[in-house]
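[1] Give me the fold of what follows.
(chains A and B)
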Amino acid sequence: MAWAFTAAETAFRDEVRDFLARELTPELRAAGRRCSGIFTDYEYGNRWHRVLAKRGWSVPSWPVEHGGTGWTPMQHYLFAAELAAADAPPRAPMGTGMVAPVIIAFGTEAQKRAWLPGIRSGEDYWCQGYSEPQSGSDLASLQCKAVRDGDHYVINGTKIWTTHAQYANRMFCLVRTTSGGKPQQGISFLCFDIPAPGITIRPIISISGDHELNQVFFDDVRVPADGLIGEENQGWAIAKYLLQHERGGAWAPMLRARLRRLTTAADAAFSASGGDAHEADDMALRLTEAECAIDALEATELQSLRAQARGEQPGIRPSMGKVLGSELRQRLTELGVEIAAHYAAVDLPLDDGLQGELPIPEDAVFSMSAYLNDRAASIYAGSNEVQRNIVAAHLLAN
Amino acid sequence: MSTLTEQDETLAMLRDSLARYLDDNHGFEQRLYALRKADDAPPPFWQGLASELDLLGAALPESQGGLGGGMAAHLAMMETLGGALAAEPYLSTMVIGAGLLQRHPGAQADALLKRIVAGQAVLAFAHGEPQSRHDRADVQTELARDGGGFRLTGRKAVVHAAPWASHFIVSPRSGAGLSLLVVPRETAGVRLRAYPTRDGGRAADIAFDDVRLPAEALLGAEGSALPQIERALDEATLAVCAESIGVMRRLMRDTLDYVRQRKQFGVPISSFQVLQHRLADMHMALEQAAALTASVGEHIDTADHDERARAVSSAKVAAAKACKAVGQGAVQLHGGMGMTEELAVGHYVRRATLIEGQFGPPAWHLRRVAKLRPAAT
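    Numbers count the residues shown, from 1 in each chain, chains lettered A, B, ... in the order given. I've put the predicted structure just below:
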């Protein structure tokens, strides 16, 4: 909320706005606007990442010595808000926000030198091998096996829900290196290049029609042992560290951008419609309810960012943020479908083809894609049932 | 007139034979394959309903070649078709199209009804427009007299089953009010922008550019159509409520199967109370929608306008709420698998989601119920 900004923060926001006005091309904005999934496809997402990298803004939250910006929590927040508001393509975080914090916290100097620069520049694109068909919420039961063989590990098994595996040239994976004992023991965190002999990637098309997800099969895949992060069999602590980063981050900037877009769509839809003024009033109230919910979430998220900057442990904050953010996002998509009315049924690609002699409103087609795609938001990155368990367990234990 | 028991038996037989036929000819894989190829004509099961089962006229009066089942037959058909994700083009052809035709008897309507029952004609109702949302009277398409006939100009939006239709029933406006006209697909000046719909069906936006039509194209008197449109859309609304029951029963069945067999943390996930409670909520929402839909169905043929409108809207609110609870719950309880094209559940969820908003979302129907509430005495 603007009244909370200092003069320095306002100046920073203007600097970001100027940059976006110059560098965020109409083509990139269109890609961002049409991204109904969580992340833009490689082509535009990575193109945008490289533009940011040139400005030194591709990995703002990393430590300064590795290319981060050293911004205040508020600056990070403003940056995210301005990008979302300008329809910047949402970038896939598997490199920058998931494996990089792990490499920085647990990696050797050689691993940092080998992997961080490529993530920062956009030369490398990572995917995440966590879930397996039989190991979702119960991640620790994972069975994908890596056996040490001289300077290599030999991997057999499968990973599922692997976002953007079809674009990635590197993968980080949780693998089982020892069986027996507690399932959390015997898990290792392994990084390697793909494609590699023995790796098969099977596309999984989602109910929104998007191809973001894949299943990855490993059949005697040999990867160098120096891709191991931390100690063998000690990967579970690293896995959990990463999950906190995956669930962290702020939802409110993106939610506010989505809300603004819904408001515009509602204005257009209801001003064309001759009849029911009550429908417009009713929708305005529900959009306002969402706006107030975003205010509350935003304040909570800013509080978390400040606590994080003071070096406090994130605790249950990421779990709270994930539940609140994902469910609010799902709520917004429901309103989008309602605003789209009869046009929500249309199943056409989100591109310039929607125009033409009998044009179809793009926001309407987007709304159903977003609604269907976002049903996953309460499932991925630890289901909301699991997040609520984490919050409740914390409350009862303290 | 048949007794209730006889009618119940007839309807049960109708459901059974239809369900068996759909199972054999329109299973999940067959459906996907058939729909991919269904750009210009309905999937093959449609022809079978007419020629093999002779069921298309189940609801029509015996005087018009039907079995006289009325709305009860429509609801039984729609629920069963919903269970196989196959309700179009029954909805547009039989519930709306034949419903409108049978109330405007005459040479043109009678001939078309015969062809419909034989599976030779498919209808689409070209009523909604780009700006109209759910407002049934918001029509800008124009009708003008032209010698002994008419000229039609305007645009209709998201006309379900239009790419499969041989005829459109179009609702234009003239100084006299709204009218209904039968327009054969191949009429000069009719242009379609056809596209798939999220539920696997087909729809189109349609432009009518100065389309010339003979006098016989008109159904009923010029300007008198709004009450007929209201009735047809109320019947269609109740029909999709019934369809949703079939859709949701399948979603419940698949979800219950899944949570029983899926294990995490060493136990079936059905042992987690938070999931059990969600299943219970889904079930209660579904059963209420089913009960209310059936109850409204028993009275709709004889109700007056206000009774009908209030009851249908209330049923649609219940069905939409249930579609949301059951649809969203089915995906959530299936986890990632519910998000994929690979299981049937995702396809049923998409149909349930479209039904939530079809013929108006809950907020629209709630306002309608509120408007029709009798003043306090």
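[2] ok, how many other residues are close to whichever residue of the stretch 1-150 of chain A sits closest to chain B?
    Closest residue of the stretch 1-150 of chain A to chain B, CB to the nearest CB: residue A:138 (3.9 Å). Using the backbone N, CA and C atoms, a C-beta is placed for each residue, glycine as well. For residue A:138, the neighbour count with other CB atoms under 10 Å in any protein chain shown is 17.
[3] likewise residue A:122?
    Residues lying near residue A:122 (other CB under 10 Å) number 21.
[4] per-residue confidence at it?
    Looking at residue A:122, its pLDDT reads 97.
[5] If I follow the layout properly, it ends up in contact with residue A:50?
    Yes - between residue A:122 and residue A:50 there is a contact at 4.3 Å, judged by CB atoms under 8 Å.
[6] joint contacts of those two?
    Residues within reach of residue A:122 and of residue A:50 at once, by CB atoms under 8 Å, 6 or more residues apart in numbering or on different chains, are residue A:58.
[7] give me every residue that touches the nearest residue to residue A:306 once chain neighbours are set aside.
    Spatial nearest neighbour of residue A:306, chain neighbours left out: residue A:73 (5.1 Å); criterion: CB to CB, 6 or more residues apart in numbering or on different chains. Listed by CB under 8 Å, 6+ apart, the contact set of residue A:73 reads A:302, A:305-306, A:308-309.
[8] One more pass at 6 Å, please.
    Shown in contact with residue A:73 (CB atoms under 6 Å, 6 or more residues apart in numbering or on different chains): A:305-306, A:309.
[9] Residue B:288 now?
    residue B:318.
[10] For the helix or strand harbouring it, what is the distance to the chain centroid?
    Assessed by DSSP states H and E, residue B:288 sits inside helix B:273-299. In terms of CA atoms, centre = their mean, to the nearest Å, the centre of helix B:273-299 is set 20 Å apart from its chain centre.
[11] The chain: strands as residue ranges?
    Picking chain A for this. Listed in chain order, the strands of chain A (DSSP state E) span A:126-129, A:145-149, A:152-160, A:170-176, A:187-193, A:199-204, A:213-224, A:228-229.
[12] Oops, wrong one, chain B.
    Along chain B, counting by DSSP E, strands occupy B:123-126, B:142-146, B:149-160, B:167-170, B:173-174, B:177-178, B:180-184, B:190-196, B:202-213, B:218-219, B:263-264, B:267-268.
[13] Tell me how the chain divides into domains.
    Just going to use chain A. Chain A breaks down into these domains under automatic domain parsing: A:2-91, A:126-238, A:248-397.
[14] let's do chain B instead
    Per automatic domain parsing, the structural domains of chain B span B:4-121, B:125-219, B:226-372.
[15] closest one to residue A:188 among those domains?
    domain B:226-372 (21.6 Å; CB to CB).
[16] what's around the closest residue to chain A within the stretch 101-250 of chain B, how many residues?
    Of all residues in the stretch 101-250 of chain B, residue B:135 sits closest to chain A, at 3.6 Å by CB to the nearest CB. Around residue B:135 there are 18 other residues, counting by other CB under 10 Å.
[17] tell me how far stretch B:76-89 is from the chain's mean position?
    9 Å.
[18] Give me the buried stretch members for that stretch, please.
    Buried residues in stretch B:76-89, defined by neighbour count with 16 or more other CB atoms under 10 Å in any protein chain shown: B:76-89.
[19] will you turn those residues into CSV that also has pLDDT and distance to residue A:197?
    Putting the buried residues of stretch B:76-89 into CSV (pLDDT from 0 to 100; distance: CB to CB, whole Å) gives the following:
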residue, pLDDT, distance to residue A:197
B:76, 97, 58
B:77, 97, 55
B:78, 98, 54
B:79, 98, 53
B:80, 98, 51
B:81, 97, 50
B:82, 98, 48
B:83, 97, 47
B:84, 96, 44
B:85, 96, 42
B:86, 95, 46
B:87, 93, 49
B:88, 93, 48
B:89, 96, 51
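[20] Alongside chain B, which residues does the stretch 101-250 of chain A contribute?
    With CB under 6 Å from any CB of the partner chain as the criterion, the stretch 101-250 of chain A comes near chain B at residues A:136-138, A:161, A:204-207.
[21] Can you add distance to residue B:238 and pLDDT and give the residues you listed back as CSV?
    Output for these, formatted as CSV (distance: CB to CB, whole Å; pLDDT from 0 to 100):
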residue, distance to residue B:238, pLDDT
A:136, 39, 92
A:137, 40, 90
A:138, 44, 93
A:161, 40, 96
A:204, 37, 97
A:205, 34, 95
A:206, 32, 95
A:207, 27, 95
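[22] Drop anything exposed from those residues.
    Using 16+ other CB under 10 Å as the burial test, these include A:136-138, A:161, A:204, A:206-207 as buried.
[23] just to revisit the earlier point, from what I see, the residue of the stretch 1-150 of chain A closest to chain B and residue B:267 are in contact.
    No - under the criterion of CB atoms under 6 Å, residue A:138 is not in contact with residue B:267, lying 9.6 Å apart.
[24] what about residue B:115, how many neighbours?
    Neighbours of residue B:115 (other CB under 10 Å): 14.
[25] cool, residue B:340 as well?
    Per other CB under 10 Å, the neighbour tally for residue B:340 reads 17.
[26] which residue packs closest to it, ignoring adjacent ones?
    Ranked by CB to CB, 6+ apart and with sequence neighbours excluded, the top spatial neighbour of residue B:340 is residue A:204, at 5.4 Å.
[27] In contact with that neighbour, which residues?
    Applying CB under 6 Å, 6+ apart to residue A:204 gives the contacts A:213-214, B:340.
[28] Please repeat the previous calculation with a cut-off of 8 Å.
    Here residue A:204 is in contact with A:160-161, A:211, A:213-215, B:340-342 (CB under 8 Å, 6+ apart).
[29] Check residue A:163 too.
    Neighbours of residue A:163 in contact, by CB under 8 Å, 6+ apart: A:38-39, A:92, A:94, A:127-128, A:212-214.
[30] Show me the longest helix that occurs in chain A.
    Criterion DSSP state H: the longest helix present in chain A is helix A:277-309.
[31] Check which helices and strands that helix is in contact with.
    Packing partners of helix A:277-309 (3 or more CB pairs under 8 Å, 6 or more residues apart in numbering or on different chains; DSSP states H and E): helix A:73-85, helix A:252-272, helix A:317-340, helix B:362-372.
[32] any idea how far residue B:226 lies from residue A:341?
    Note on residue B:226: its distance to residue A:341, by CB to CB, to the nearest Å, is 20 Å.
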